[in-house]
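S.K.: quick one, fold the following:
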Amino acid sequence: MKRNGSDRKQRTLLYMVCHLLKLVGQSNPGMTLLFFLILMGTGVCTAGNVFFKQNFFDRVEELVRGSATMGLAVGSGIAMALFLIFTLIVQAASELIQNNFNLLLRGQMGRLLNEKAARISPVVFEDSRFLDHVSKAYTGMEAAAAVMHSTLSICIGETAYFIFMGSYFFSIKPALLFMFGLSFAPSIIGSVIRRRMYAQLENRSAPYRRKYEYFKRCICAREYVKETRLWRAEGFFGKLYRENLGKYTQLQWRTERHSELTEVALRFFLLIGYVGTIAMLFYYVFQGQVTVGAFAAVFASLDQLFDRMESVFNYRIGDIMRGFGAAQNFYAFLDLKEREGTDGTPLKRERIELKDLSFTYPNSAESALKNISLTVKKGETVAIVGVNGSGKSTLTRLLLGLFLPTEGHLLIDGKSVEEIRPEALYKGSSAVFQRYQCYKMTVEENTRLSDVNSAGRVDEALKKADFPLDSDKFAKGLDTMLGKDFGGIDLSGGQWQRLAIARGLYREHDMIVLDEPTAAIDPLEEADIYRKFTEISKDKTAFIVTHRLGSAKIADRIIVMDGGRIVETGTHEELMELGGRYREMYDAQAKWYA
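M.R.: A predicted model of the protein is given here:
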């Protein structure tokens, strides 16, 4: 089965810009139109100042020669100042509108990534190569947003500026425009070369970036800091951090060095064009072919013109090309193979069948499950027991539909899980995982997270899980914030686990999986929870994964797993009488409670 394949397509810059523009345009057409208008207005206003400068300089020259009045010269100066103020206002508005546009764009791109991630089979998250995909996708998202914004800024704002200035140069002397354009031709070629450099850099450096960021978290992130300090492992993680950061930096340095050498060559051509343009201006002034006012206006604007041209061709296009390589990873993620399924009919789960089912994790040579055959009818409670690594948790993930078989079949109501749409497969099922999550939200949000569309029943779910909401610790009741990250309170491991159980029970379900749900709870309290669970699960299908074999007695049937296979099955009494693996494990545990 193909895990995470993608038809890796290289998008063109035009496709990328059009796609993102459509994405944000559909979300907020008014802001998109305003973004276009402000970019164009900024370019035109900046270039338009040269006409006011020339008019002012010409009036001053005429005033000196006595062919113009003082009022005319002062009026042209006031007009130039007012237009300059107007330009500054437009530029300030441009900054505000562009920032809002960028926030809107990134929000829409983030939505695309999140929706895509939700449609990808969860099993690929077990593959380190996929985690590189994720890391590069989020970096690529930022890069794609920057590429799109910079490209539009150049194509609209800068193009409006250069067309305006080019027309002005042409109206003075066509040769000026020719000299100006000729000096930037090599820059375009250089931009293409740099794009290839940075595309290769992103693909090679992403694994090192992900590793050094992880080792940095191992040193200073809250969830790691206690054990890291206790084991005095700062030096070990620091060494790994430095090694991967060094490799990442080395790749960056090599690419930047080659890029800078290319830029030095490009700046030489710019210098030739700048000097040539000034020389031509002097020549035309002395020949009387250009007025002093035009010369002064052009000369005063020349630095800004060349700075903007240099910024566009040597920096901004270079940044676009650099980001374009990274942005391809955003689209590569969107191209990843999604979880398939066409049947969206609601499931009744009257019968669950596993036929010669085998499962292998990505990049693993050993199967986690081997030739599993099992039939479970609605309303049954099945306990799954076995030593660590026997395949218990993997089996529950297949039963929930999170993973798909690599061999064999898993049928629900006679339908193969591969034919069922994920939303139909997940609906009506619930779980409490061994590695439950401690969400930094309120008690109510933590509980309702498993079924946000339903209302009420929060108190009931918490009561069933024996969560101590009535204690003085929860001063705000259901609105009590949990986790110190956002100013809330912290819970003990047992309390967090009870909350996880409440979350699983809150969800409307006809099948529930409890994967070691009471590992952090006192054994004496565990029996009461399982007793309540038996009552709650009446007429519902339930799977219980547990190491405490005494808890398995409540099940209608017990499955014993070893080495990814089912080696025994039966009731507690039947398995004890059989005297096999189950009896051996049960007697071994009984010694600890004797």
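
S.K.: every contact and neighbour count from this point should use C-alpha atoms.
M.R.: Fine.

S.K.: tell me, what residue is most central in this protein?
M.R.: Tyr138 (3.9 Å; C-alpha atoms, centre = their mean).

S.K.: how far off centre is the strand or helix carrying that one?
M.R.: Here Tyr138 sits within helix 128-152, counting by DSSP states H and E. Centre-to-centre, helix 128-152 and its host chain are 8 Å apart (C-alpha atoms, centre = their mean, to the nearest Å).

S.K.: run through who's touching it.
M.R.: Helix 128-152 has contacts (C-alpha atoms under 8 Å, 6 or more residues apart in numbering) with 4, 16-17, 20, 102, 105-106, 109-110, 124-125, 202, 206-207, 210, 316, 319-320, 323-324, 326-333.

S.K.: and if you look at stretch 58-75?
M.R.: With C-alpha under 8 Å, 6+ apart as the contact definition, stretch 58-75 has outside contacts at 56, 76, 291-294.

S.K.: end to end on it, go ahead and measure it.
M.R.: Stretch 58-75 has an end-to-end distance of 12 Å (C-alpha to C-alpha, to the nearest Å).

S.K.: check which residues of it are buried.
M.R.: The neighbour-count check on stretch 58-75 (16 or more other C-alpha atoms under 10 Å) flags 58-63, 73 as buried.

S.K.: a markdown table for those, including pLDDT?
M.R.: As requested, the buried residues of stretch 58-75 are arranged in a markdown table below (pLDDT from 0 to 100):
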| residue | pLDDT |
| --- | --- |
| Asp58 | 82 |
| Arg59 | 83 |
| Val60 | 83 |
| Glu61 | 79 |
| Glu62 | 79 |
| Leu63 | 83 |
| Ala73 | 84 |
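
S.K.: can you show me the strands along this structure?
M.R.: For the chain, the strands defined by DSSP state E cover 351-359, 369-377, 381-386, 407-412, 415-416, 429-432, 511-515, 541-545, 557-562, 565-570.

S.K.: what's the closest of those strands to Tyr582?
M.R.: Closest to Tyr582 of those, according to C-alpha to C-alpha: strand 557-562, at 6.6 Å.

S.K.: same for that closest one, what does it pack against?
M.R.: Contact analysis of strand 557-562 by 3 or more C-alpha pairs under 8 Å, 6 or more residues apart in numbering; DSSP states H and E lists strand 381-386, strand 565-570 as its packing neighbours.

S.K.: now the last one: buried residues?
M.R.: Yep, that's strand 565-570 we're talking about. Going by neighbour count (16+ other C-alpha under 10 Å), the buried part of strand 565-570 is 565-566, 568-570.

S.K.: which residues pair with Ser430 across the strands?
M.R.: Ser430 has these beta-bridge partners by DSSP bridges: Ile512.

S.K.: so which of the buried residues of stretch 58-75 sit within helices?
M.R.: 58-63, 73 (DSSP state H).

S.K.: and those as CSV, adding distance to Ala117?
M.R.: Listed next are those as CSV, based on distance: C-alpha to C-alpha, whole Å:
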residue, distance to Ala117
Asp58, 64
Arg59, 65
Val60, 66
Glu61, 68
Glu62, 69
Leu63, 71
Ala73, 65
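
S.K.: of the residues you listed, closest to Gln10?
M.R.: Distances from Gln10 to those, taken as C-alpha to C-alpha, are shortest for Asp58 (53.5 Å).

S.K.: sketch out the low-pLDDT regions of this protein for me.
M.R.: Along the chain, the model assigns pLDDT under 70 to residues 1-8, 180-192, 195, 199, 226, 230, 314, 518-528, 592-594.

S.K.: mind checking how far the longest helix anywhere in it is from the chain centre?
M.R.: Looking across the chain with DSSP H, the single longest helix is helix 234-286. Offset of helix 234-286 from its chain centre (C-alpha atoms, centre = their mean): 30 Å.

S.K.: what packs against that helix?
M.R.: helix 174-182, helix 185-220, helix 292-310.

S.K.: looking at those helices, spot the one closest to Ala383.
M.R.: Nearest to Ala383 among the helices and strands packed on helix 234-286 is helix 185-220 (36.1 Å), distances taken as C-alpha to C-alpha.

S.K.: just checking, what packs against the closest one?
M.R.: Here helix 185-220 touches helix 128-152, helix 222-230, helix 234-286, helix 317-334, going by 3+ C-alpha pairs under 8 Å, 6+ apart.

S.K.: check which residues of the helix holding Tyr138 are buried.
M.R.: Judged by neighbour count using 16+ other C-alpha under 10 Å, the buried positions of helix 128-152 are 130, 132-152.

S.K.: now stretch 491-499
M.R.: Buried-residue list, stretch 491-499, by 16+ other C-alpha under 10 Å: 495-499.

S.K.: ok, stretch 461-475 next?
M.R.: Neighbour counts over stretch 461-475 (16+ other C-alpha under 10 Å) mark 461-462, 464-467, 469, 474 as buried.

S.K.: and the two most separated of these?
M.R.: Lys464 and Phe474 (17.6 Å).

S.K.: redo the helices and strands packed on strand 557-562 as TSV? Include distance to Gly504.
M.R.: Output for the helices and strands packed on strand 557-562, formatted as TSV (distance: least, C-alpha to C-alpha, whole Å):
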stretch	distance to Gly504
strand 381-386	16
strand 565-570	27
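
S.K.: for these, which one sits closest to Ser551?
M.R.: Nearest of these to Ser551, taken as C-alpha to C-alpha: strand 381-386 at 8.7 Å.

S.K.: for Phe36, give me its contacts.
M.R.: Counting by C-alpha under 8 Å, 6+ apart, the residues that Phe36 touches are Ile156.

S.K.: so how far is His149 from it?
M.R.: 11 Å.

S.K.: next: Leu82.
M.R.: Noted for Leu82: a distance of 30 Å to His149, by C-alpha to C-alpha.

S.K.: how's this structure carved up into domains?
M.R.: 13-334, 351-593 (automatic domain parsing).

S.K.: now tabulate those in JSON lines and tack on distance to Gly344.
M.R.: Converted to JSON lines, these look like this (distance: least, C-alpha to C-alpha, whole Å):
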{"stretch": "domain 13-334", "distance to Gly344": "14"}
{"stretch": "domain 351-593", "distance to Gly344": "5"}
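
S.K.: sorry, back to before: list buried residues within the contacts of helix 128-152.
M.R.: 4, 16-17, 20, 102, 105-106, 109, 124, 202, 206-207, 210, 316, 319-320, 323-324, 326-333.

S.K.: for Val376, find the nearest of the helices and strands packed on helix 185-220.
M.R.: helix 128-152 (33.5 Å).

S.K.: that closest one vs helix 185-220, what angle?
M.R.: Helix 128-152 runs at 140 degrees relative to helix 185-220, counting by axes from the mean of the first three to the mean of the last three C-alpha atoms, to 10 degrees.

S.K.: kindly provide the distance from Asp58 to Glu444.
M.R.: Computed as C-alpha to C-alpha, the Asp58 to Glu444 distance reads 74 Å.

S.K.: buried ones in stretch 224-233?
M.R.: Buried residues in stretch 224-233, counting neighbours by 16+ other C-alpha under 10 Å, are found at Thr228.

S.K.: which residues sit against it?
M.R.: Stretch 224-233 is contacted from outside by 217-219, 234, using C-alpha under 8 Å, 6+ apart.

S.K.: so can I have a markdown table of those showing distance to Glu380 and neighbour count?
M.R.: Shown next, in a markdown table, are the contacts of stretch 224-233 (distance: C-alpha to C-alpha, whole Å; neighbours: other C-alpha atoms under 10 Å):
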| residue | distance to Glu380 | neighbour count |
| --- | --- | --- |
| Arg217 | 44 | 16 |
| Cys218 | 43 | 20 |
| Ile219 | 46 | 22 |
| Glu234 | 49 | 19 |
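
S.K.: can you tell me which of the residues you listed lies nearest to Lys440?
M.R.: Checking the contacts of stretch 224-233 against Lys440 with C-alpha to C-alpha, the nearest one is Arg217 at 18.2 Å.
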